[in-house]
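Peer 1: here is the input, now give the coordinates:
(2 chains)
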Amino acid sequence: MSDYNFAYLDEQTKRMIRRAILKGLAIPGYQVPFASREMPMPYGWGTGGVQVSAAVLTPEDTFKVIDQGADDTTNAVSIRRFFEKTADVAVTEATGEASVIQTRHRIPEQDLREDQILVYQVPIPEPLRFLEPSEVETRKMHALEEYGLMHVKLYEDISQHGAIATSYAYPVKVEGRYVMDPSPIPKFDNPKLNMAGIQLFGAGREQRIYAVPPYTDVVSLDFEDYPFEASKADHACDLCGSTDSYLDELIVDDAGGRMFMCSDTDYCCSRRKAGHIGAQGVPYAEDAA
Amino acid sequence: MYVAVKGGEKAIDNAHAWLAEERRGDTSVAELSVAQIREQLALAVNRVMAEGSLYDPDLAALAIKQSRGDLIEAIFLIRAYRTTLPRFGGSESVDTEKMACDRRVSATFKDAPGGQVLGPTFDYTHRLLDFKLAADGEAPQVQTADTPTGETPHIMSFLDRENLIQDEPAGPETPDDLTRAPLELPASRALRLQSLTRGDEGFILGMAYSTQRGYARNHAFVAELRIGAVPVEMDIPELGFAVDIGEVTLTECETVNQFQGSKTEPPQFTRGYGLVFGMTERKAISMALVDRALRWKELGEDNVGAPAQDEEFVLYHADNIQATGFLEHIKLPHYVDFQSELELIRKLRREAQAMQEAAE
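Peer 2: So this is what the prediction gives:
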């Protein structure tokens, strides 16, 4: 792949993306328009995240990619291979060893440190989009801090269903100013948006980048009498026994039998290596053999 | 002296001869065979079969050759041929549970009985031009696995068991047929689905995309996408039972969408459905999203005025043969109409000028 520049994009493009990232960090939660490029994977596969990763990666970095929390998901494999090929960076599955983590739909269970960057792939960056389809209008609403419509929507959920009927991509307010879409992470992950690492959000098709700097106040929208609640399946992981991680539900037989396992594969694996065993799990060494 | 323009007949003959020559291209380059198109441009063949509403790969390949690769023109050729075919009867409903799946993925469950099968997909390829293909076309040796036997249960059936997904009311024994009766509104769901499955891929895609971007958003998850061959059975009156008369490759997409319900009615997910001839998954997914958007009335949702919710707008503009015909007809002679417009505009200008002068 010597025909391509380090990490695929040319240096001018990376500089343009870095400017957008810096602006995003300076105005937490604000969606910065950027001149998104065509990437060699389709829009919707994470072209925004890939461009952000390409702009922040250095040859010394160690890169991790997860999709739905897992390193072995097809698209995570594909993106990891892409940067192995075009940037020749070290890759890892261990959350603690990575300096840049690109993610789709999850925040790792293990807390991130100050020297780590979390890059999100974002399909629809505009949290108000499903209340107002016009971009011209929603930008105006952000400028005027006009977020009444969002609260009305949450209120209508409560009056119709008795609860807020949003379970993922749950809107947050960043540093008391911008309402932001945290990308389609389960609302279980929302409390983790307050972290030590840098969080960068890339939306390729919609040509937007936004960011949350370390230790920024991120609050999930709610009401005093209907407080935000992070939720997950009411089970323990069947492989590692964890009761505080987000779980995937698997259908295991034709009779519709279910089992639950951590969506964060690295977290689950580390726990099993440390000797934790869930209801249907086997000791780590046996499985590997 | 002026001699009136004539010679339309000769012009047409010459144009057709030139077209035939252009179609063949440089004769020092080998001619494409229909079999080459069928085997190596299979996805174009699939699209022509789907939108042409005729399952015949050889004829679709011939149409692509004849149309110089213009797929809408090829679809047109197939539609025009299809309309001449006698109808012997209708098959039994195909049972996609019996599909021999080449591809089967679920975006809602990490694993399920039958497993995830990627199949021959572009999904995780990096879109880098493979210059090696320009030089040689060697067939790569690939490993093959045993064909799985038995039925592959639908992912939806597992949600159904828990009552998490809305019931689908049974339709009439023999649904209306879009190709045999004019489309009248409001259309039954069967007619809408027929219209969508043969509708223009680009149009249906654009409509589906608009729902994702907030114009009647319906929160679609692909519960299951499966591609493979299914047997076609037909009841033969002389025999008194159904026999296999062949098989067709289909792409089926089932989406699980936002739920409805209230404090007293427990919420349930809703469905969108796409079923298209051949390996045509972009179309099948788009179809499922548009189907779901069009169901707002029966599901008791609000009409938010989005294009994808407007049955008349979607169904009347989805057919690319109708659309391209009417669009392109404006290049035909309109001398007479235009002449009358010319006369009218001159008259109106004269009158307006006269009024102006009178006012001054």
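Peer 1: use CA for all of it now, contacts and neighbours both
Peer 2: Noted.
Peer 1: show me what contacts the residue of the stretch 51-200 of chain B found nearest chain A?
Peer 2: Proximity to chain A, evaluated over the stretch 51-200 of chain B using C-alpha to the nearest C-alpha, is greatest for B:Arg127 at 4.1 Å. When the contact criterion is C-alpha atoms under 8 Å, 6 or more residues apart in numbering or on different chains, the partners of B:Arg127 are A:Met39, A:Pro40, A:Met41.
Peer 1: which bits of the stretch 51-200 of chain B sit near chain A?
Peer 2: Proximity of the stretch 51-200 of chain B to chain A, by C-alpha under 8 Å from any C-alpha of the partner chain, involves residues B:Phe109, B:Lys110, B:Asp111, B:Ala112, B:Pro113, B:Tyr124, B:Thr125, B:His126, B:Arg127, B:Leu128, B:Pro153, B:Phe158.
Peer 1: among the contacts of B:Arg127, which ones lie close to chain B?
Peer 2: Contacts with chain B within the contacts of B:Arg127, counted by C-alpha under 8 Å from any C-alpha: A:Met39, A:Pro40, A:Met41.
Peer 1: quick one: which helix or strand includes the second one?
Peer 2: Using DSSP states H and E, A:Pro40 falls within no helix or strand.
Peer 1: that one and B:His126 touch, don't they?
Peer 2: Yes: counting by C-alpha atoms under 8 Å, A:Pro40 sits close enough to B:His126 to count as a contact (5.3 Å).
Peer 1: distance of the residue of the stretch 51-200 of chain B closest to chain A relative to B:Ile345?
Peer 2: Shown here: B:Arg127 relative to B:Ile345, a distance of 54 Å by C-alpha to C-alpha, to the nearest Å.
Peer 1: which stretches of chain A form strands?
Peer 2: With DSSP state E applied, chain A shows strands at A:32-33, A:62-67, A:90-91, A:100-104, A:117-121, A:172-174, A:178-180, A:198-203, A:208-212, A:218-220, A:247-251, A:258-262, listed in chain order.
Peer 1: and the fourth one, which strands flank it?
Peer 2: By that I understand strand A:100-104. The sheet places strand A:100-104 alongside strand A:62-67 (parallel), strand A:117-121 (parallel), with pairing taken from DSSP bridges.
Peer 1: and the angle from that strand to strand A:198-203?
Peer 2: For the pair strand A:100-104 and strand A:198-203, the angle between their directions (axes from the mean of the first three to the mean of the last three C-alpha atoms, to 10 degrees) equals 40 degrees.
Peer 1: what's strand A:100-104 in contact with?
Peer 2: Contacts for strand A:100-104 (C-alpha under 8 Å, 6+ apart): A:46, A:49-50, A:53, A:57, A:61-69, A:95, A:116-122, A:184-185.
Peer 1: which bits of chain A sit near chain B?
Peer 2: Within chain A, the positions adjacent to chain B are A:39-41, A:74-75, A:78, A:82, A:124, A:129-133, A:160-162, A:248-254, A:256 by C-alpha under 8 Å from any C-alpha.
Peer 1: and those, which are buried?
Peer 2: The neighbour-count test (16 or more other C-alpha atoms under 10 Å in any protein chain shown) applied to the residues of chain A next to chain B identifies A:39, A:41, A:75, A:78, A:82, A:124, A:129-130, A:132-133, A:161, A:248-251, A:256 as buried.
Peer 1: in which helix or strand would I find B:Leu77?
Peer 2: With DSSP H and E as the test, B:Leu77 turns up in helix B:71-82.
Peer 1: starting at the chain centroid, how far to that helix?
Peer 2: For helix B:71-82, the distance between its averaged C-alpha position and the chain's averaged C-alpha position is 13 Å (C-alpha atoms, centre = their mean, to the nearest Å).
Peer 1: ok, stretch A:75-86 next?
Peer 2: A distance of 17 Å separates the centroid of the chain from that of stretch A:75-86, by C-alpha atoms, centre = their mean.
Peer 1: try stretch B:163-172
Peer 2: Centroid separation for stretch B:163-172 versus its chain: 24 Å, with C-alpha atoms, centre = their mean.
Peer 1: ok, the residue of the stretch 1-150 of chain A found nearest chain B - contacts?
Peer 2: Ranked by C-alpha to the nearest C-alpha, the top residue of the stretch 1-150 of chain A for proximity to chain B is A:Pro40, at 4.1 Å. A:Pro40 sits next to B:His126, B:Arg127, B:Leu128 when contact means C-alpha under 8 Å, 6+ apart.
Peer 1: I'd like those laid out as CSV, including secondary structure and pLDDT.
Peer 2: Conversion of the contacts of A:Pro40 to CSV gives the following (DSSP: H, G, I helix; E, B strand; the rest coil; pLDDT from 0 to 100):
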residue, secondary structure, pLDDT
B:His126, coil, 90
B:Arg127, coil, 89
B:Leu128, coil, 87
